[in-house]
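S.K.: Structure, please.
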Amino acid sequence: MTPAAIGLLGIGLMLALILFMGMSPGFAMLLVGFIGLTALNPPQSLAAFLGGTTGAEVWSVFSNYGFTVIPLFVLLGEVIFHAGYSDRLFRAAQTWVGHKRGGLAVTTILAAAGFSSICGSNTATAATMSSVALKPMERNGYHPELKCGSIAVGSTLGAVIPPSIVLVVYGLYTGQSIGKLFAGSILPGLTLTAAFVLTVKVIVWRHPDWSQPGQRYSLRRRLATLPQVIDVAVLFAIIMTAMFSGLVTPTEAAGLGAFLGIAGCVVRGRLKWSGFVKAVTATLRITAMVFLILAGATVFGRFLVLTRLPFMLTGWVADMNMAPWMIMIFMMFCYLIGGCLMDALAFLLISLPLFEPLVTHMGYDLIWFGQVVCLVTTLGAISPPIGVSCFVVAGMSPDATSMQVFRGAMRFLPAYLAVYLLLNLFPNLMVGWMSGMVR
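M.R.: Take a look at the predicted model:
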């Protein structure tokens, strides 16, 4: 059997383990990668894995100082969550826009955007906003498709708005500046949020019976809610400004953010000891999962390199003389399907060994490509048949079926397509302008 055939067989085996046996993506990549290395070079594989080149690559992942940014940003998000800021963000947004028809759906999207800017996790945002927003929307007679769809799509903003863990791992894997990736994601993230809000307005215009106006609050009451959420805005501004100015590295910015987040919550009396323990425990669990995926991707990537599949794919595409946009559409289709079937981070690390040489060969900017990949992969999180965010929302909504949640989420599909087109038509405006400001 040729190395290329072994590589294709390994990819099929890995997907089967993940999709049909429920194995962890990180462990599946690690197992298949080691089996593949053994099949390619039996005598040297064990030695290479334990102490040679492969073992050194795995160790470099765990000992890389740059990866410290992951647990620090995760800790920041968990502290903010356990301090109850998700409730405060929702209530603040509700007092400003909740009185309009469809206002609670807009409130949910805006609160999800604010929470995602600190949390950075699709599933965590979906679960959090479901617990906060479902009951208020139910009391105001919201249709299941509108209320559940707005929560599901709002949760996907976590992978697009910085500090996105997906972008962090992408940057460290491809050697791109995390600060530039974060800066380049700001405008696409804001544009996508605005497109979601506009979509809600279109839905309630076409279906006025799907929602009822909420309570109108006085200007004094609205202004009184701002101090409750100003902490999150200030914290986000400090992190982004520090990175964009070049005063600190992304890792230092993450450490500063985690320290300020914990200190601010303690000073205001919003973080109990039990909440802090839960935040640390969740951080350890999430970080362990991410690092297992990284270790598995390292071994699996080494296996693919030895099969020469990435280089063969690049050569095959070059020989076909296909237009770059056609190749890009094919890759985006793969990311969309991958996002439907598994965690965005896992599929990203599975696909990068194959697609990164191809993207580089075609001359695309990797900072721009990271934004496009995050957008398309996060669309997969709400796409049938296995959109993870939709199932999270359906599981927490007793009066909505999974089909209703998927239908509601698909009503926001034009918003994703519009932002995708903008990224392709105006790459310098959407990504290059902001990322170029980072020193």
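
S.K.: So Gln438, which state does it fall into?
M.R.: Careful, residue 438 is Val and not Gln. Under DSSP: H, G, I helix; E, B strand; the rest coil, Val438 falls in the coil class.

S.K.: got the contact list for it?
M.R.: Shown in contact with Val438 (Cβ atoms under 8 Å, 6 or more residues apart in numbering): Ser177, Gly179, Lys180, Ala183, Met243, Phe244, Gly246. Every residue, glycine included, has its C-beta placed from N, CA and C.

S.K.: Skipping its backbone neighbours, what lies nearest the spatially most central residue of the chain in space?
M.R.: Nearest to the geometric centre of the chain sits Ala159, at 2.3 Å (Cα atoms, centre = their mean). With Cβ to Cβ, 6 or more residues apart in numbering as the criterion, Ala159 has its nearest non-adjacent residue at 4.3 Å, and that residue is Thr378.

S.K.: Look up how far Tyr335 lies from Gly102.
M.R.: 31 Å (Cβ to Cβ, to the nearest Å).

S.K.: no, scratch that, I was asking about Leu349
M.R.: 12 Å.

S.K.: now Tyr142, what's its secondary structure?
M.R.: Classification of Tyr142 using three-state DSSP returns coil.

S.K.: Now it, what are its backbone angles?
M.R.: Here is the backbone geometry of Tyr142 (degrees, to the nearest 10): phi -80, psi 140.

S.K.: where's Phe355, which helix or strand?
M.R.: Phe355 belongs to helix 344-362 when assigned by DSSP states H and E.

S.K.: Quick check: closest non-adjacent residue to Gly264.
M.R.: Excluding the flanking residues, the one nearest Gly264 by Cβ to Cβ, 6+ apart is Asp231, at 5.4 Å.

S.K.: For Pro227, grab the count of nearby residues.
M.R.: Neighbour count of Pro227, defined by other Cβ atoms under 10 Å: 10.

S.K.: Now name the helix or strand holding it.
M.R.: According to DSSP H and E, Pro227 maps onto helix 219-244.

S.K.: buried ones in that helix?
M.R.: For helix 219-244, a neighbour-count test (16 or more other Cβ atoms under 10 Å) marks Thr225, Gln228, Val229, Asp231, Val232, Leu235, Phe236, Ile239, Met240, Ala242, Met243, Phe244 as buried.

S.K.: measure the nearest residue to Val388 once chain neighbours are set aside to Asn64 for me?
M.R.: The shortest distance from Val388 to any residue other than its chain neighbours is 5.3 Å, reached at Ala381 (Cβ to Cβ, 6+ apart). Going from Ala381 to Asn64 by Cβ to Cβ gives 27 Å.

S.K.: Those two - which one has more neighbours?
M.R.: Ala381 (27 against 11).

S.K.: quick one, phi/psi of the more buried one?
M.R.: Backbone torsions for Ala381, taken as degrees, to the nearest 10, come to phi -70, psi -10.

S.K.: low-confidence ranges in the stretch 251-400 of the chain?
M.R.: Scanning the stretch 251-400 of the chain for pLDDT under 70 picks out 310-311, 313-315, 317-319, 339-346, 385-387.
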